[in-house]
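Below is the structure, and that's it, no one-letter string:
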């Protein structure tokens, strides 16, 4: 991987660009963002951290994390001409959606709260593109490109550099007045806008609540996540069998995991969203495991259309729910549902169903 340094020959912003930066906050609010910041593009320190993380194999089967050479920490290679990055955040926690109650009910399905509504990628990318065009109209000739978790971008590092928060011990971006329940997006731009290059100070202190609450103990230490043990990785990214030693620890979490955010004291300051597109669809925040396990593939595809959940695919969806049913309350209904699904999907799902049946029958 290249270690070529970032060129620093960026022209000073003129009065027009200084005024434009002052307008950006109001425009961002108009498009539904709670905060934006502007940063430079030097992320060499984060690039070194990423290389070390990859060398330790913590990315598991996510081979794409090592692709594109140094493009992840070289925004100017991802979009030639980039000299500034505008980072934006948007709250996603819908009003009335609980966290703890569902986790404490082993017969309910827990889906990470960011994934209950419409797929955020399209919504936020559209808003960022609209913001970019507004800037383009004001600054005349200018090139930009918007990204939302869809390209090799170190979004948390950029947001940290732009002053939107600090990267906590749980590797999430945390904001002192907003917690961490928000999405991030970026506009790569060739305008020498004034920057907010002020890394927010780390306010985690001696707290290690996020590390201690992790069901699978996926953190090897503060600020270091072994994705191979992370429930979000196991339920979304991993294709194949979930390691048997981790299944009982997964509880009723069938898509993603929020525990390291739930345990973070700063999330007492988190805000609910006013975006109706993030409202739970099909009452998935209240669904039982048996309800969801009964879905056939056409139902899964119909109910998850336009949602982040679609990403996991039907086979892994069934696999995940089978594991959760193995951790559910022992009941005849659960045992019958598991036995009736044997041979209905594929051998991978059958393996997890058999494990769940053995758990249901154990004393």
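Okay, I see it. Note that the coordinates shown come from a computational prediction; the quantities given were computed from them, not determined experimentally. Residues are numbered from 1 along each chain as shown.

Going by residue numbers, what spans are helices in the stretch 51-200 of the chain?
Counting by DSSP state H, counting those that start in this stretch, the stretch 51-200 of the chain has helices at residues 75-78, 100-103, 120-139, 155-161.

so of the ones you listed, which one's packed in deepest?
helix 155-161 (a mean of 24; mean count of other Cβ atoms under 10 Å). For every residue, glycine as well, the C-beta is placed using N, CA and C.

Now that helix: average pLDDT?
Taken as a whole, helix 155-161 has an average pLDDT of 94.

Also stretch 312-330?
For stretch 312-330, the mean pLDDT works out to 98.

count of neighbours near the closest residue in space to residue 321 that isn't next to it in sequence?
Excluding its sequence neighbours, the residue lying closest to residue 321 (Cβ to Cβ, 6 or more residues apart in numbering) is residue 293, at 4.7 Å. Per other Cβ atoms under 10 Å, the neighbour tally for residue 293 reads 23.

And for residue 296?
Neighbour count of residue 296, defined by other Cβ under 10 Å: 12.

Mind pulling the model confidence for it?
At residue 296, the pLDDT value in this model is 97.

Residue 201 too?
Predicted confidence (pLDDT) for residue 201: 82.

what's near enough to touch the residue nearest to residue 321?
Contact partners of residue 293, counting by Cβ atoms under 8 Å, 6 or more residues apart in numbering, are 318, 321, 322, 325, 337, 341.

tell me the phi and psi of it?
When read as degrees, to the nearest 10, the backbone of residue 293 gives phi -70, psi -20.

For the stretch 1-150 of the chain, which segments are assigned as strands?
35-39, 84-91, 110-111, 144-147 (DSSP state E, counting those that start in this stretch).

Partner strands of the third one, with direction?
Spelled out, that is strand 110-111. Strand pairing for strand 110-111, determined by DSSP bridges: strand 253-255 (parallel).

Tell me which residues are up against the partner strand.
Residues from elsewhere that reach strand 253-255, judged by Cβ under 8 Å, 6+ apart: 103, 109-112, 115, 215, 231, 235-236, 289, 292, 309, 312, 317, 320-321, 323-324.

Report the rounded mean pLDDT for that strand.
Mean pLDDT, strand 253-255: 98.

Repeat that for stretch 116-131.
Per-residue pLDDT over stretch 116-131 has a mean of 95.

Report the distance from that stretch to the chain centre.
How far stretch 116-131 lies from its chain's middle: 14 Å, per Cα atoms, centre = their mean, to the nearest Å.

now what about it, what contacts it?
Contacts with stretch 116-131, where a contact means Cβ under 8 Å, 6+ apart, come from 24, 27-28, 31-33, 86, 88, 90, 92, 94, 97, 114, 146-150, 183, 185-187, 275, 277-281, 284-285, 306-308, 310.

cool, stretch 339-353 as well?
For stretch 339-353, contacts defined as Cβ under 8 Å, 6+ apart pick out 240-242, 247, 293, 314-315, 318-319, 322-323, 326, 338, 354, 357.

what mean pLDDT does it have?
97.

Ok, stretch 165-172 next?
For stretch 165-172, the mean per-residue pLDDT is 97.

Would you mind measuring the gap between the ends of that stretch?
9 Å (Cα to Cα, to the nearest Å).

which stretches of the stretch 201-350 of the chain form helices?
Using DSSP H, counting those that start in this stretch, the helices of the stretch 201-350 of the chain run over residues 209-213, 231-232, 244-247, 259-262, 289-293, 297-303, 313-326, 332-341, 347-361.

For residue 224, which of the ones you listed is the nearest?
Evaluated over the helices of the stretch 201-350 of the chain, closeness to residue 224 peaks at helix 209-213, with 9.7 Å, by Cβ to Cβ.

list the helices and strands the closest one packs on?
strand 219-221, helix 259-262 (3 or more Cβ pairs under 8 Å, 6 or more residues apart in numbering; DSSP states H and E).

tell me the most buried of these?
The most buried one of the helices and strands packed on helix 209-213 (mean count of other Cβ under 10 Å) is helix 259-262, showing a mean of 22.

and it, how far out from the chain's middle?
Helix 259-262 sits 13 Å away from the centroid of its parent chain (Cα atoms, centre = their mean).

Can you report how many residues lie near residue 313?
Using other Cβ under 10 Å, residue 313 has 16 neighbouring residues.

do the one 3 residues further on as well
Residues lying near residue 316 (other Cβ under 10 Å) number 22.

any idea how far residue 260 is from it?
Look at residue 316 and residue 260: by Cβ to Cβ, to the nearest Å, they are 22 Å apart.

Equivalent analysis for residue 82, please.
Distance, residue 82 to residue 260, using Cβ to Cβ: 31 Å.

same question, residue 122
With distances taken as Cβ to Cβ, residue 122 is found 27 Å from residue 260.

Same question for residue 30.
33 Å.

again with residue 295
For residue 295 relative to residue 260 (Cβ to Cβ), the value is 28 Å.

OK, contacts around residue 170?
Going by Cβ under 8 Å, 6+ apart, residue 170 touches 210, 211, 219, 225, 260, 261, 264.
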